[in-house]
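Asks: Sequence below, structure please.
(one chain, ligands or ions: 1)
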Amino acid sequence: MKNSNGKPPGPEELKKMLEEMFGQVGDVQITHGFSEPVEVTPEEVEPPVDEVEKLDNILEFSYLPRDIKAYLDRYIIRQTDAKKALAIAVCDHYNNARFVNEQDDDGFSKVDYHKQNILITGPTGVGKTYLVKHVADLIGVPFVKADATKFSETGYVGRDVDDLVRDLVKKADGNVELAEYGVIYIDEIDKLAGAGGSGGRDVSGRGVQTTLLKLMEDTEVSLSNPNDMQSQMSMMMSGGKKGQKDTISTKNILFIVSGAFSGIEKIVDQRQRAGQMGFAAAAQNDKEEESATKHAITEDYIKYGFEAEFIGRLPVRVNCEKLTKNDLANILRYSEGSILRQYERQFAAYGIEISFKPDAIDYIAEVAEKQNTGARALMTALESHLRDFKYEMPGIGVDELVVDQKLLENPAEKLKEYAGRGQEASREEALRELATYLKKFQEQNGVELSFSDDAIHALINKHEEEGQSLRQISRRLFKDYPYGLNLIKSKTGRNSFELTEEAILDSDKYLSDRVLEAYEDERNSEGEAGS
Ligand code: ADP
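Replies: I've put the predicted structure just below:
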């Protein structure tokens with residue numbers, strides 16, 4: 001930061017500059033009323049890119065539910081009901097957030113607004129988080145996710161829940177105003193159910209429900225954590241400044257909670273049976289297996305172990321369906337976030353073009369479906385089938401990998417071929433390295449060194465057994481050779497040496513034998529000369 005003279009500001013000046021900066025943020029005007037909704041074709045809807053655009057986007061919120069659904073369709077396969085319900089709820093929320101900011105002359109809000117917090121049900125890995133994250137991205141609001149189970153363990157439940165709101169500020173790079181329109185997403189909310197639910201936590205669960213309830217309504221949360229000394233101190237240092245907020249309002253924060261709610265279908269079923277007699281009840285039973293969770297009503301959630309007030313604050317209920325094998329294959333094929341794109345990029349980084357045949361996609365979907373972890377299993381299935389290819393293929397001069405069902409079912413065969421080529425490639429690399437070593441040896445020591453074929457063979461064997469590079473092995477084996485070979489050179493005038501296999505197997509003995517030979521030769525020739 002520099003002042004108008006281009007010099008770093010002094011303390012007083014800095015304070016003033018910061019005040020001005022914070023003042024500016026606080027001065028942003030909230031626009032009132034609805035702007036004309038513009039019909040946008042789905043392709044035109046793209047997330048805002050920078051902070052200014054993000055805030056403008058919210059303050060002039062003009063998305064239609066169908067825009068949001070169309071955007072979600074690009075990434076999320078199936079879950080049509082959930083996409084629609086979420087799109088409507090999100091539009092309601094951000095449209096109302098603008099209404100709520102309209103104030104009458106006495107400074108009271110003109111409209112009575114009941115927040116439309118959302119409850120998403122559905123098994124794991126079917127796109128609940130993915131949906132919420134993409135909605136937040138599109139609208140350009142900060143998004144935080146947490147597990148409800150985390151809150152009950154500290155004992156100071158309220159503190160942790162408030163931290164979520166502070167996390168939003170962090171996600172918004174300290175922009176409190178933007179954070180006030182953020183999305184807080186809490187997963188595993190079913191674990192907060194009391195005695196009625198399956199494996200719920202009762203007392204602490206209820207405590208968290210109460211704290212969450214406060215947040216979900218309209219409350220102010222301190223920007224500093226009361227249990228965090230550092231944040232308290234920085235708050236005190238900057239406190240009391242004009243235009244600087246030290247709390248964040250949760251009024252316009254959208255809360256979305258989700259859970260698998262396993263076991264609730266029994267409660268739903270019982271209620272439905274009790275309400276229907278004879279023929280109707282039997283007909284219900286015969287219905288195609290459909291998630292009964294979808295039909296859960298407030299009464300069922302209370303029976304499951306939720307406080308009536310808590311579940312009452314979640315008026316929008318959305319159900320995500322279990323994904324079939326076909327859905328999983330479609331996720332790979334059509335989702336813009338398909339993990340296949342990730343594989344393409346990873347292989348492309350090594351100059352390899354990977355492609356997937358339709359039968360490979362069906363096969364992965366089939367393997368994934370059996371794992372019962374939704375689309376998450378796609379990643380596990382692909383990783384376990386392709387990991388070895390990621391190791392063997394780079395650097396062996398192959399530029400294409402076509403993945404079909406046969407390859408996935410029997411990777412060993414293909415891998416063997418690549419492993420063979422891999423070995424060749426690393427041998428070539430090793431030999432290049434050896435040539436460099438020999439050249440350097442000659443430059444530094446004035447004697448020329450070379451290896452016989454069997455010596456090279458023995459060296460490569462050693463390299464493959466010990467895992468050290470040929471240069472490292474050679475340096476170790478031949479560390480005394482510069483001295484020894486120069487000694488021979490001085491006795492015999494010889495300056496070129498070809499090492500044999502023996503030199504690799506026992507390098508010290510090989511060298512001392514050669515030195516002795518040289519001395520003997522010298523003595524013999526002296527003897528001959530003397531006789
Ligand atoms: P959860 O329902 O447990 O919140 P996630 O939304 O975190 O599951 O899903 C995990 C990952 O699986 C996502 O990041 C996404 O890549 C993929 N995924 C899950 N469901 C879908 C879906 N319906 N369409 C496309 N991708 C999906």
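
Asks: residues of the strand or helix carrying Arg432 that come out buried?
Replies: Assigned by DSSP states H and E, Arg432 belongs to helix 411-445. Residues 411, 414-415, 418-419, 421-422, 425, 430, 434, 437, 441, 445 are the ones in helix 411-445 that count as buried (16 or more other C-beta atoms under 10 Å). Where C-beta positions appear, they are placed from N, C-alpha and C, glycine not excepted.

Asks: near the ligand, which residues of the stretch 251-400 of the chain show up?
Replies: Contacts of the stretch 251-400 of the chain with the ligand, taken as C-beta under 6 Å from any ligand atom, map to Ile331, Ser335, Gly337, Gly374, Ala375, Arg376.

Asks: The first one and Gly374 touch, don't they?
Replies: It refers to Ile331. No: if you go by C-beta atoms under 8 Å, Ile331 and Gly374 don't touch, sitting 9.5 Å apart.

Asks: Write out the residues of the chain neighbouring the ligand.
Replies: Counting by C-beta under 6 Å from any ligand atom, the chain sits next to the ligand at 76-79, 124-130, 331, 335, 337, 374-376.

Asks: any idea how far Arg427 is from Ile488?
Replies: Ile488 sits 31 Å away from Arg427, going by C-beta to C-beta, to the nearest Å.

Asks: count of residues packed around the residue lying closest to Ile331 once chain neighbours are set aside?
Replies: Closest residue to Ile331 apart from its sequence neighbours, by C-beta to C-beta, 6 or more residues apart in numbering: Ile77 at 4.8 Å. Ile77 has 23 neighbours, counted by other C-beta atoms under 10 Å.

Asks: now Ala274
Replies: Ala274: 9 neighbours (other C-beta under 10 Å).

Asks: So which elements touch the helix or strand harbouring it?
Replies: Applying DSSP H and E as the criterion places Ala274 in helix 264-275. Applying 3 or more C-beta pairs under 8 Å, 6 or more residues apart in numbering; DSSP states H and E, one finds that helix 264-275 makes contact with helix 278-286, helix 298-304.

Asks: Now the weakest link among these, please, by mean pLDDT.
Replies: Lowest mean pLDDT of these: helix 278-286, a mean of 48.

Asks: pLDDT score assigned to Val153?
Replies: Quick fix: residue 153 is Glu, not Val. Model confidence at Glu153 (pLDDT) stands at 48.

Asks: Can you find the residue of the stretch 301-450 of the chain that comes nearest to the ligand?
Replies: Here the stretch 301-450 of the chain gets closest to the ligand at one residue, Ala375, 3.3 Å apart by C-beta to the nearest ligand atom.

Asks: count of neighbours near that residue?
Replies: Neighbour tally, Ala375, other C-beta under 10 Å: 24.

Asks: tell me the phi and psi of it?
Replies: Main-chain torsions, Ala375, degrees, to the nearest 10: phi -70, psi -20.

Asks: Tell me who's in contact with it.
Replies: Gly125, Val126, Gly127, Leu323, Leu328, Ile331, Ala368 (C-beta atoms under 8 Å, 6 or more residues apart in numbering).

Asks: Output the residues you listed in CSV, with neighbour count and pLDDT appended to each entry.
Replies: Output for the contacts of Ala375, formatted as CSV (neighbours: other C-beta atoms under 10 Å; pLDDT from 0 to 100):
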residue, neighbour count, pLDDT
Gly125, 22, 95
Val126, 26, 96
Gly127, 27, 95
Leu323, 26, 95
Leu328, 26, 97
Ile331, 26, 97
Ala368, 26, 97
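
Asks: Closest one of these to Asn95?
Replies: Gly127 (24.9 Å; C-beta to C-beta).

Asks: Distance of the closest one relative to Ile120?
Replies: Gly127 is 10 Å from Ile120, by C-beta to C-beta.

Asks: Can you pull the residues that touch both of these two?
Replies: With C-beta under 8 Å, 6+ apart, Gly127 and Ile120 have common neighbours Ala82, Cys320.

Asks: what do Ile331 and Gly374 both touch?
Replies: Shared contacts of Ile331 and Gly374, counting by C-beta under 8 Å, 6+ apart, come down to Leu323.

Asks: which residues in the stretch 151-300 of the chain form helices?
Replies: 157-171, 176-179, 203-216, 229-238, 264-275, 278-286, 298-304 (DSSP state H, counting those that start in this stretch).

Asks: Could you verify my assumption that Ile456 touches Leu434?
Replies: Yes: counting by C-beta under 8 Å, Ile456 does reach Leu434; the two are 7.5 Å apart.

Asks: From Arg514, how far out is Lys357?
Replies: Distance, Lys357 to Arg514, by C-beta to C-beta: 61 Å.

Asks: For these two, indicate the residue with more neighbours.
Replies: Neighbours per residue, other C-beta under 10 Å: of Lys357 and Arg514, the larger number sits with Arg514, 19 against 15.

Asks: Please give me every residue in contact with the more buried one.
Replies: Counting by C-beta under 8 Å, 6+ apart, Arg514 touches Gly484, Leu485, Ile488, Phe497.

Asks: I figured the third one was touching Asn495, is that so?
Replies: Yep, that's Ile488 we're talking about. No: checked against C-beta under 8 Å, the pair Ile488 and Asn495 is beyond contact range at 9.1 Å.

Asks: quick one: which of these two has more around it?
Replies: Between Ile488 and Asn495, counted using other C-beta under 10 Å, Ile488 has the larger neighbour count: 21 against 14.

Asks: mind listing what Leu415 touches?
Replies: Asp388, Phe389, Glu392.

Asks: Helices - which of those land there?
Replies: Using DSSP state H, the members of the contacts of Leu415 that fall in helices are Asp388, Phe389, Glu392.

Asks: which stretches of the stretch 151-300 of the chain aren't confidently modelled?
Replies: 152-159, 195-204, 226-244, 276-290 (pLDDT under 70).

Asks: where does Arg317 fall, helix, sheet strand or coil?
Replies: Applying DSSP: H, G, I helix; E, B strand; the rest coil to Arg317 yields a three-state assignment of strand.

Asks: check contacts around it.
Replies: Contacts of Arg317 (C-beta under 8 Å, 6+ apart): Ala85, Ile118, Leu119, Thr121, Ala296.

Asks: ok, the residues you listed vs the ligand, which is closest?
Replies: Using C-beta to the nearest ligand atom, these come closest to the ligand at Thr121, 10.1 Å.

Asks: Tell me the backbone dihedrals of that closest one, please.
Replies: Per-residue torsions, Thr121: phi -110, psi 160 (degrees, to the nearest 10).

Asks: what's the distance between it and Gln272?
Replies: 16 Å.

Asks: Which residue of the two possesses the greater neighbour count?
Replies: Neighbours around Thr121 and Gln272, counted as other C-beta under 10 Å, are more numerous at Thr121. The numbers are 23 against 16.

Asks: and the nearest residue to Ile488 once chain neighbours are set aside, which of the three is it?
Replies: Leaving aside its chain neighbours, Ile488 sits nearest to Ala518 (4.3 Å; criterion: C-beta to C-beta, 6+ apart). The three-state label given to Ala518 by three-state DSSP is helix.

Asks: ok, now how distant is Ala518 from the ligand?
Replies: From Ala518 across to the ligand, the span is 71 Å (C-beta to the nearest ligand atom, to the nearest Å).

Asks: now Thr210
Replies: Taking C-beta to the nearest ligand atom, one finds Thr210 at 25 Å from the ligand.

Asks: Much appreciated, bye for now.
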